[in-house]
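J.: take this sequence and fold it.
(one chain, ligands or ions: 1)
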Amino acid sequence: MISIRQLVCYGFALLGGVTGSNLEAQTLIPIVTSNNALVLEAGKNNDLSVIYFGKKLANDQEYKFIPSVYNQTSDYSDVLNAAYTASGSRNLVEPAISVVHADGDRSLDLRYVKHEQKQLAENIVLCSITLKDPVYDFQVVLNYKVYPKQDIIEQWAVIKNQEKGNIVLEKFASANLHLKAKGFWLNQYHGDWAKEMQPEESKLTHGIKTLDSKLGTRTNLFQPTVFMVSMNKPATEEEGTVLYGALAYSGNFRTDLELDYQDNLRIISGINNYASGYTLKPGEEFTTPSFIYLLSDKGKGFASRQLHDWARDYRLLDGKGNRLSLLNNWEATYFNFNESKLKELLQDTKKLGVDLFLLDDGWFANKYPRNDDKAGLGDWQENRSKLPNGVASLVREATNNGVKFGIWVEPEMVSPKSELYEKHPDWVVKEPARQEHYFRNQLVLDLSNPKVQDFVFGVVDGLFTRNPGLAYIKWDCNAVIYNAHSAYLGKDQSHFYIEYMRGLYNVLQRLRVKYPVVPMMLCSGGSGRVDYEALKYFTEYWPSDNTDPLERIYIQWEYSYFYPAIASANHVTDWGRQPIKFRTDVAMMGKLGFDIVVSHLSENDLAYCRQVIKEYNAFRHLVYQGDQYRLADPRKEAVASMAFVNKERSEGVIFNYLVNNRYGEGSVYPIQLRGLDPAAMYRLRELSLYPGTKSPIDSGRQYSGEFLMSIGFNPAISTSRTSVVLKVEKVKN
Ligand code: DGJ
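T.: Okay, here's the model as predicted:
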């Protein structure tokens, strides 16, 4: 009879701190959410392995039998399914951690010592498992923060040097998963400027597939940190088993997906160890960023709604709050404006009916004025010829117009032509002996240097201090890091990428302590610098500079798997060939903004905008807080359809677009709605009507939820009605 000590790490099953300790034979640690269980086992040598990640069993006593029902080839090392694979001892595959000990030895073996769980809050449980090398004084604590209701697990490691001398961490992943299935399909993303979030799905073959970035700053430019893995068959919106993964880190990242010789999938995700060997002094700890993941056996739609709920409840800054609609001057003026022009735009903001005016790039620098993108970054004083009365007079003017005022900054950056560069060349990231290489004519400031952190904090703090009415910040970040070298770090250059990110988070944390609620957009010249660590500090992100609405349907669609619509800043611009209604309809699937010349709008276009903004204000709570359903996929059908339904299932808004202009294309077939009460009766009503048009949708007709979800609705999309927004409302008894 095997002796088993079992502890269930679950939100409600077990409260308070409980500690298991070294056991005779086998310790099971099921980490349980509402639907799933990740089961770890400390086996005969106290090796900690993953024996199961899948649907939760009713009888948790049965998890221990799981390994016995698989008959795969041998694991010669006994650590192929390690919960955190160490390198240099028995392991033969990709490690999660590798280290050079104080004595130069490179071997590591991590054995289970104990685990404990704490209920941190309702629906938050932390399970911490201590591992130790039996030979070296080297310890790793694996932390699993579990949000049972949303099936989310947030995992990170704390690595501790208890040896007498310095050690060097050569790899230091956040998490190491192990999955069993009859085949795995990876859904990954790639991109470039204006081509963000391009999906690719492929069946994983044996060997290692790596998703990574080495760009230092805007690390999502070519590849974001998020991905999905379907098990047994490619998951669809409604069906199939799928794992979502998202590393919460804005710096260089690396995710290895290794299909091993036993046909199991090992996923190792964390900071990219590229050029980043990290020295830990005796007694020092290294805390990795979190890897956030969830499993769904009900397809991608359920997974994304769980992730959105979690993000709004626990992660995204002000996730349950409101957002400000805005008029941005970037595409209206670029760098070419002055105070009187901006005052006109403030009046346009009021005329349009949005909440805030956002002053973009070009307002600062005097010795090297910011009149194009070649100069001025770093010199954050108002340009005296453009703004002789400073930002303060614009904030005042905005208030007089009954709108709020926001401002653009790019505080991590410096132009080679700037006073900042002249004064502090040692604050700039560059290889002193090499020629400088620029990205958008600019360089990056060395945020590993505390003085630079103070400077960057001061840029934003100064704006707020001088202009207490300032209501919004757009934080841009256009350059990647070339010639990664810090004058501050001296001999510790391999710490640079990590210390840069620590410096950035330190600045953001200081800002949030002082300005906890001011909305800030995380912008990065498009190419969405977005991840769940950054979103602790930002209320929204900029998905792409590509605002052609047709393109945005696809880009926003893919982001919607991972991030809730409330965080997606969508602007109506002059990109693309679609009419203003189409452009606005697409932008309303998130946080609405405009970046147009209001005075160039025709009378009807302006009347349409003013009316639709009022409608948006009345339904935006559904987009921000509702459950999101991707109803018809633009990559598969001629009509794309996306719905947001409130939790009470009493109202929703449905966005529909023609994405294929071939003859006869349109909503030929009905589209099945989701998220309604089958027994309730509903009405459909068209919103966002352009002046002079009539809706063919009969708002008097009543449909059961069952009808709308099994037969469907038809938005009457055609080449003459290319975008249609419908409100679905429960009929009150
Ligand atoms: C890139 C951003 O994505 C744009 O919206 C704009 O703010 C420019 N930078 C300004 O330089």
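
J.: what's the one helix or strand Leu131 maps to in contact with?
T.: Using DSSP states H and E, Leu131 maps to strand 124-132. Here strand 124-132 makes contact (Cβ atoms under 8 Å, 6 or more residues apart in numbering) with 9-11, 29, 31, 40, 48, 83-84, 110-120, 138-148, 314. All C-beta spots, glycine's among them, are computed from the backbone N, C-alpha and C.

J.: are any of these buried, and if so which?
T.: 9-11, 29, 31, 40, 48, 83-84, 110-117, 119, 138-148, 314 (16 or more other Cβ atoms under 10 Å).

J.: just the C-alphas of stretch 636-654, formatted as CSV.
T.: Extracted in CSV, the C-alpha atoms of stretch 636-654 (Å, rounded to 0.1, in the frame of the first residue of the first chain):
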residue,chain,number,x,y,z
LYS,A,636,-12.9,31.9,-42.4
GLU,A,637,-16.0,33.9,-43.5
ALA,A,638,-17.0,36.9,-45.5
VAL,A,639,-18.7,38.4,-42.5
ALA,A,640,-16.9,39.0,-39.2
SER,A,641,-19.1,39.1,-36.1
MET,A,642,-18.2,39.9,-32.4
ALA,A,643,-20.6,40.2,-29.5
PHE,A,644,-20.4,41.5,-25.9
VAL,A,645,-23.1,40.3,-23.6
ASN,A,646,-23.6,41.4,-20.0
LYS,A,647,-23.3,38.9,-17.1
GLU,A,648,-27.0,39.1,-16.5
ARG,A,649,-27.6,38.0,-20.1
SER,A,650,-30.1,40.8,-20.4
GLU,A,651,-28.3,43.0,-23.0
GLY,A,652,-25.5,42.9,-25.5
VAL,A,653,-24.0,44.6,-28.5
ILE,A,654,-23.0,42.8,-31.7
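
J.: what mean pLDDT does that stretch have?
T.: Mean pLDDT, stretch 636-654: 98.

J.: from the contacts of strand 124-132, which land in strands?
T.: Counted as lying in strands by DSSP state E, out of these, are 9-10, 29, 31, 40, 48, 111-120, 138-147.

J.: around the ligand, which positions in this protein sit nearby?
T.: Trp330, Asp360, Asp361, Trp408, Asp476, Asn478, Cys523, Gly525, Gly526, Trp542, Asp545 (Cβ under 6 Å from any ligand atom).

J.: which ones are touching whatever residue of the stretch 301-450 of the chain ends up closest to the ligand?
T.: Nearest to the ligand, among the residues of the stretch 301-450 of the chain, is Asp361, at 3.5 Å (Cβ to the nearest ligand atom). Contact partners of Asp361, counting by Cβ under 8 Å, 6+ apart, are Trp330, Tyr334, Phe335, Arg370, Asp373, Trp408, Glu410, Asp476.

J.: next one: Glu258
T.: Taking Cβ under 8 Å, 6+ apart as the test, what Glu258 contacts is Val93, Glu94, Gly207, Ile208, Lys209, Leu265, Arg266, Ile267, Ile268.

J.: what would these look like in JSON lines with distance to Tyr482 and neighbour count?
T.: Shown next, in JSON lines, are these (distance: Cβ to Cβ, whole Å; neighbours: other Cβ atoms under 10 Å):
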{"residue": "Val93", "distance to Tyr482": "33", "neighbour count": "17"}
{"residue": "Glu94", "distance to Tyr482": "28", "neighbour count": "19"}
{"residue": "Gly207", "distance to Tyr482": "31", "neighbour count": "9"}
{"residue": "Ile208", "distance to Tyr482": "27", "neighbour count": "14"}
{"residue": "Lys209", "distance to Tyr482": "27", "neighbour count": "18"}
{"residue": "Leu265", "distance to Tyr482": "35", "neighbour count": "22"}
{"residue": "Arg266", "distance to Tyr482": "33", "neighbour count": "23"}
{"residue": "Ile267", "distance to Tyr482": "30", "neighbour count": "24"}
{"residue": "Ile268", "distance to Tyr482": "28", "neighbour count": "26"}
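
J.: which member of the residues you listed is positioned nearest the ligand?
T.: Closest to the ligand, out of all of the contacts of Glu258 and judged by Cβ to the nearest ligand atom, is Lys209, at 30.3 Å.

J.: in the sheet, who's paired with the residue lying closest to that closest one once chain neighbours are set aside?
T.: Among residues not flanking Lys209 along the chain, Leu257 sits closest, at 4.6 Å (Cβ to Cβ, 6 or more residues apart in numbering). In this entry, Leu257 is beta-bridged to Lys209, Ile267, by DSSP bridges.

J.: tell me, how many residues neighbour Leu257?
T.: Residue neighbour count, defined by other Cβ atoms under 10 Å, stands at 24 for Leu257.

J.: which pLDDT value belongs to it?
T.: In this model, Leu257 is scored at 98, pLDDT.

J.: I'd like the distance between it and the ligand.
T.: For Leu257, the distance to the ligand (Cβ to the nearest ligand atom, to the nearest Å) stands at 31 Å.

J.: that residue and Leu186 touch, don't they?
T.: Yes: counting by Cβ atoms under 8 Å, Leu257 does reach Leu186; the two are 6.2 Å apart.

J.: which other helices and strands contact the longest helix seen in the chain?
T.: Longest helix in the chain by number of residues, with DSSP state H as the criterion: helix 603-625. Identification of packing neighbours for helix 603-625 by 3 or more Cβ pairs under 8 Å, 6 or more residues apart in numbering; DSSP states H and E yields helix 339-352, helix 580-587, strand 591-594, strand 639-645, strand 651-658, strand 681-687.
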